[in-house]
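Participant: Predicted structure and sequence below. I'll ask about it afterward.
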Amino acid sequence: MHLKYFIAKRYLFSKKSTNVINVISLITLVGIAIGTMALVVVLSVFNGLESLIVNRFNSFDPDFKIVPKYGKTFIPDSLKMEELKAINGIKMFSECVEENALIKYEKIYHPFIIKGVSPCYPSMTGIDTMIVNGHFMLDYNGEPVAVIGMGVSSFLSISLNFVSPLKIYIPKRTSSFSENPENSFNIKTVYPVGIYGIDPEVDQYVIVPIKFARELLDYTNEVSSIEIKTSKNANLNSLGNKIKSLFGDNVKVLDRYQQHELIYKIMHSEKIIVFLILAFILLVASFNIIGSLTMLIIEKKEDIKTLQSIGMTMADIKKLFLLEGWLISILGALLGIILGIIIAVLQQQFGFIPMQGSNPGAFIVNYYPIEIKFLDIVIIFFTVLIIGYLASRFPVRYITRKYIVDEVNDV
């Protein structure tokens, strides 16, 4: 093996009698390096975007969310709620009520989601760290107040400096026909005191005290969900199973992933699709190995005769040329990974590739986020090796049979 590696390395770096072989080998190596670098950078950007979205969702989403399996609401059993408190690993929980509502501000109407929460809600989720204007409060001088998402604020052109309240319309659960449509709605007003910004999907909420929301909806003890925060080092799988066994089959217990399952699946699918596209481009670039090895095999016919005369079998010679093609892939992969990591680290430190948009403040961050994952690097490296092996296999198997074996037999 050491002899085959030595000869393959000499063939790779030594000057050939036909200079074009060196050129093709160099082009192949550079092409593989660029493709590998692109894979490292693009996958690192996807990792950065995913982490950014997950971290921002974590400021709004609880560790677990109990929702009804059927219908919109359920009435939690008081004994089960006491048992829930006693489960080791559960730090706190909040009863929540959610419903679509028509929101009026000044002369603008638009449907948004009203969410009633318990007083412990900001401590449980960390949404108070995502306030972009004003403060997170649910009560001001004994009166209920609201915190709204940026989506609500933008669409209704709400400014906290104005003194106009939000007017919330909820259809009455038991309403009859009336000539005045407003008689079919429960209507309440509330002043916004804070604006949060997380993600367009979750910036559509008007967060109010749960008592205020229940009055609007004609509820007593009903909840749309129970949101749970766990201790820092809690075993989430074990806790999830305990909560499910406590509440039975009438509810669903959702973890952080399941609360936004579609978004996470889309992100993972996009990452896989981009990986496959770039891997295909890398495969096309690796086809140059076929040309390079074919020309090298034809040029080294005399050398092959010499190697056979000192005892090398045809199988050993094939392995030698296969190793030659593989060395091109390995060097290209290593060079591409190093360049990709350098670019990713520079982007992390200096953010020299900005997010493109007409409005500089339109994005959550001003430059593409980057996160390098060791597993991605390993997968990329072995993908390039497999592609290099497949690209080297054809000329080694078929070209040696066509141009070498027949001539050796004639000797």
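Facilitator: Okay, I see it.

Participant: Could you give the average pLDDT over stretch 379-398?
Facilitator: In this model, stretch 379-398 has an average pLDDT of 81.

Participant: residue boundaries of the strands in the stretch 201-350 of the chain?
Facilitator: Using DSSP state E, counting those that start in this stretch, the strands found in the stretch 201-350 of the chain span residues 205-209, 225-230, 251-255.

Participant: Go ahead and confirm N221 touches I75.
Facilitator: Yes. Here N221 reaches I75: they are 5.2 Å apart, a contact under Cβ atoms under 8 Å. Every residue, glycine included, has its C-beta placed from N, CA and C.

Participant: From what I see, G336 and T36 are in contact.
Facilitator: Yes. At 2.6 Å, G336 counts as touching T36 under the criterion of Cβ under 8 Å.

Participant: Poorly predicted segments of the stretch 201-350 of the chain, please.
Facilitator: Confidence mapping of the stretch 201-350 of the chain against pLDDT under 70 gives the ranges 293, 296-318, 320-321.

Participant: From M81, how far out is I243?
Facilitator: 12 Å (Cβ to Cβ, to the nearest Å).

Participant: next one: F280
Facilitator: 54 Å.

Participant: Same drill for the two, tell me which one is more crowded.
Facilitator: M81 (15 against 12; other Cβ atoms under 10 Å).

Participant: Excluding covalently adjacent residues, which one is nearest to F212?
Facilitator: P144 (4.3 Å; Cβ to Cβ, 6 or more residues apart in numbering).

Participant: pretty sure that neighbour is in a strand, no?
Facilitator: Yes. According to DSSP: H, G, I helix; E, B strand; the rest coil, P144 belongs to a strand.

Participant: give the contact list for it.
Facilitator: L138, V190, V208, P209, K211, F212 (Cβ atoms under 8 Å, 6 or more residues apart in numbering).

Participant: Roughly how far does the spatially closest residue to the third one that is not a sequence neighbour sit from I158?
Facilitator: Closest residue in space to V208, ignoring its immediate chain neighbours: A146 at 4.9 Å, by Cβ to Cβ, 6+ apart. A146 sits 10 Å away from I158, going by Cβ to Cβ.

Participant: Ok, S184 next?
Facilitator: Counting by Cβ to Cβ, the gap from S184 to I158 is 26 Å.

Participant: more crowded one of those two?
Facilitator: The residue with more neighbours, out of S184 and I158, is I158; 21 against 13, by other Cβ under 10 Å.

Participant: Please name the residues that touch that one.
Facilitator: Y105, I148, V152, L166, P192, I195.

Participant: so of the residues you listed, which ones are in strands?
Facilitator: Y105, I148, L166, P192, I195 (DSSP state E).

Participant: Can you flag the buried ones in these?
Facilitator: By neighbour count, with 16 or more other Cβ atoms under 10 Å, these hold Y105, I148, L166, P192, I195 as buried.

Participant: quick one, what contacts the closest residue to the first one other than its chain neighbours?
Facilitator: Spelled out, that is Y105. In this structure, Y105 finds its nearest non-sequential neighbour in L156, 4.1 Å apart by Cβ to Cβ, 6+ apart. Contacts for L156 (Cβ under 8 Å, 6+ apart) come out as I103, Y105, E106, I108, H110, L166.
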